[in-house]
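Participant: Mind folding the following:
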Amino acid sequence: MYIKPSAAIRNNYNEISNLCKESGEPVYLTKNGEGDLVVMDLQAFEQREKMLKLREKLVAEEEARLAGKKGYTIDDLDEVLKKAAKGQR
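Facilitator: The predicted model follows:
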């Protein structure tokens, strides 16, 4: 974890940008000794957002399963995939 004072972003933007890109980790900025902002590389942010969306979908499906939603067996899935491979539905 990288922690920098908020003035660092103003005075050393390129250094912080490079740190974010090279480490793939966020940089925490403080103001008057307290946490204020988080700065991170755009690519790392987009990857994190994709993971969060995937986790949301997985949690929703698991909740639906626990609520009784019908699922598919491996045999059901195998049949669907075979039909799809043959171009059928």
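
Participant: Could you pick out the longest helix of this structure?
Facilitator: Criterion DSSP state H: the longest helix present in the chain is helix 42-66.

Participant: Spatially central residue in this structure, please.
Facilitator: Centroid-nearest residue in the chain: residue 48, 2.2 Å away (criterion: CA atoms, centre = their mean).

Participant: contacting residues for the closest residue to that residue other than its chain neighbours?
Facilitator: In this structure, residue 48 finds its nearest non-sequential neighbour in residue 40, 7.9 Å apart by CB to CB, 6 or more residues apart in numbering. Glycine gets a C-beta too; all of them are placed from N, C-alpha and C. Contacts for residue 40 (CB atoms under 8 Å, 6 or more residues apart in numbering) come out as 20, 25-27, 48.

Participant: again, 10 Å this time
Facilitator: Taking CB atoms under 10 Å, 6 or more residues apart in numbering as the contact definition, residue 40 lies against 20-21, 23-28, 48.

Participant: Run through this protein and note the low-pLDDT ranges.
Facilitator: Scanning the chain for pLDDT under 70 picks out 88-89.

Participant: Good, wrapping up.
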